[in-house]
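Visitor: sequence? don't have it. structure:
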């Protein structure tokens, strides 16, 4: 069954929507006020929440409800789930915790009985929620004031951990990565990682998939998916050490599995394995560049050029060597004292955007070369007006490039044009290393 009603519902009921500001049920309902579909608050107390009529039971809602989000104490979840079944609801997200992850296997058994009886698809329990930037679906309990939402984009995230989901949201915002969808699937009593991966693989609004994984529910189906997946998949596998595996058991009630087995499977089927959150972010940004064989650095800061060269060698990135003819052409164009014509090409500190364009005029037709533009914005010679001209040349000649820039305004401008920008040499080198041929 498709997960489309979970990611693209036309109507949502929040059971446990709270009148009290700061409560999870209040935060979650508040986050849904900009959602493009219908939202129904449900609370046994009735009344009104944020100007909306409150229903005492989901069964009081006359209209069809595509998705229910439950945020009530564990002991109340079971009767509420039965009401959802009686109402004909087919998709439920349970935010509430205290089930199998805390050792209550009987609670898991009860939930499974209910969803089987009423043919309900379940996300959770023990999750942060579901998010779809394209329809303003923010069915999470992350306060908007505390957690900034990333811009809309083509990267989708699935995570067993709600905390990791929240951290990734924040990092996506800070690093200007466009988010399409995310789902925290917690204990995965019903809907598991394979179904979500298959959905994202077919989703036209997803180009890259990021995954935080503690354990796999169905190893056979997971491997079957990996064999046929086409979209880039970045996985952060947790629970690789003894203590980490013990923590996984107490976190989601699952077994983490042998890390060597996962390593082998990931390498065999082209999965990009991140060793931490920062690496996942860098690889996600690095996927914005096209595959390349060699790199060519053009900089207005010699020190950054040197550091990049060192970091490229560490990452096994090959350098493009200028031909004798290209060196002569560059000398004629620049004729600068103290300028050396090699890779990295140091344009010196007084250079502006026109200097980069001069260099590109000689090299723009190179194939399989990634151009690394280092803009030290503090010099003041790089303006947005000139950057606009520069981007026109990049687009016209389909130049494969990436930027190293520390000026926030410039970085926003560059990223808005769909080109990745990093703020540290080592970060850039690590990020683009996954695209080398």
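Guide: Yep, that arrived. In this text the structure is predicted, and so the values were computed from the model without any measurement.

Visitor: hang on, residue 20 packs against residue 30?
Guide: No: using CB atoms under 8 Å, residue 20 is not in contact with residue 30; the gap is 11.7 Å. (C-beta placed from N, C-alpha, C; glycine too.)

Visitor: neighbour count winner among these two?
Guide: residue 30 (18 against 9; other CB atoms under 10 Å).

Visitor: give me the low-pLDDT residue ranges for this protein?
Guide: For the chain, residues meeting the criterion pLDDT under 70 lie at 1, 240-257, 377-381.

Visitor: and it, what are its domains?
Guide: The chain breaks down into these structural domains: 1-126, 147-287, 290-435 (assignment by automatic domain parsing).

Visitor: how long is the last one from one end to the other?
Guide: So that's domain 290-435. 7 Å (CA to CA, to the nearest Å).

Visitor: one step back: dump the domains of the chain to CSV, plus distance to residue 134.
Guide: Conversion of those to CSV gives the following (distance: least, CB to CB, whole Å):
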stretch, distance to residue 134
domain 1-126, 8
domain 147-287, 6
domain 290-435, 17
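
Visitor: closest one to residue 141 among the ones you listed?
Guide: If you check each of the domains of the chain against residue 141 by CB to CB, domain 1-126 wins as the nearest, at 4.4 Å.

Visitor: re earlier: can you tell me which of the domains of the chain is nearest to residue 140?
Guide: Closest approach to residue 140 among those (CB to CB): domain 1-126, 6.0 Å.

Visitor: neighbours of residue 134, just the number please.
Guide: For residue 134, the number of neighbouring residues by other CB under 10 Å comes to 14.

Visitor: all strands for the stretch 1-150 of the chain, in order.
Guide: For the stretch 1-150 of the chain, the strands identified by DSSP state E, counting those that start in this stretch occupy 11-15, 38-42, 48-49, 52-53, 67-70, 91-94, 121-123, 129-132, 137-140, in order along the chain.

Visitor: Tell me which of the ones you listed sits nearest to residue 237.
Guide: For the strands of the stretch 1-150 of the chain, distance to residue 237 was read as CB to CB. The smallest value, 21.3 Å, belongs to strand 121-123.

Visitor: Show me which residues of stretch 97-109 are buried.
Guide: If you call a residue buried by 16 or more other CB atoms under 10 Å, then stretch 97-109 has these buried ones: 97, 99, 100, 101, 107, 108.

Visitor: for stretch 145-163, same thing?
Guide: Result for stretch 145-163 [16+ other CB under 10 Å]: buried residues 149, 150, 153, 154, 155, 156, 157, 158, 159, 160, 161, 162.

Visitor: do the same with stretch 116-128
Guide: Here stretch 116-128 shows 118, 120, 121, 122, 123, 124, 125, 126, 127, 128 as buried, counting by 16+ other CB under 10 Å.

Visitor: Nearest to residue 269, out of the strands of the stretch 1-150 of the chain?
Guide: Of those, the one closest to residue 269 (CB to CB) turns out to be strand 121-123, at 25.8 Å.

Visitor: Can you name every helix or strand that that closest one contacts?
Guide: Identification of packing neighbours for strand 121-123 by 3 or more CB pairs under 8 Å, 6 or more residues apart in numbering; DSSP states H and E yields strand 91-94, helix 105-118.

Visitor: run the last query once more with 7 Å
Guide: Applying 3 or more CB pairs under 7 Å, 6 or more residues apart in numbering; DSSP states H and E, one finds that strand 121-123 contacts strand 91-94.

Visitor: and the strand it packs on, which strands flank it?
Guide: Partner strands and pairing direction for strand 91-94 (DSSP bridges) are strand 67-70 (parallel), strand 121-123 (parallel).

Visitor: of the strands of the stretch 1-150 of the chain, which approaches residue 418 most closely?
Guide: When the strands of the stretch 1-150 of the chain are ranked by proximity to residue 418, the top entry is strand 129-132, at 21.1 Å, counting by CB to CB.

Visitor: same for that closest one, what does it pack against?
Guide: helix 4-7, strand 137-140, strand 179-184.

Visitor: would a markdown table of these with distance to residue 362 be doable?
Guide: Putting the helices and strands packed on strand 129-132 into a markdown table (distance: least, CB to CB, whole Å) gives the following:
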| stretch | distance to residue 362 |
| --- | --- |
| helix 4-7 | 48 |
| strand 137-140 | 49 |
| strand 179-184 | 38 |
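
Visitor: now the ones you listed as CSV including distance to residue 311 and mean neighbour count?
Guide: CSV is the format used below for the helices and strands packed on strand 129-132 (distance: least, CB to CB, whole Å; neighbours: other CB atoms under 10 Å):
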stretch, distance to residue 311, mean neighbour count
helix 4-7, 38, 20
strand 137-140, 37, 26
strand 179-184, 28, 26
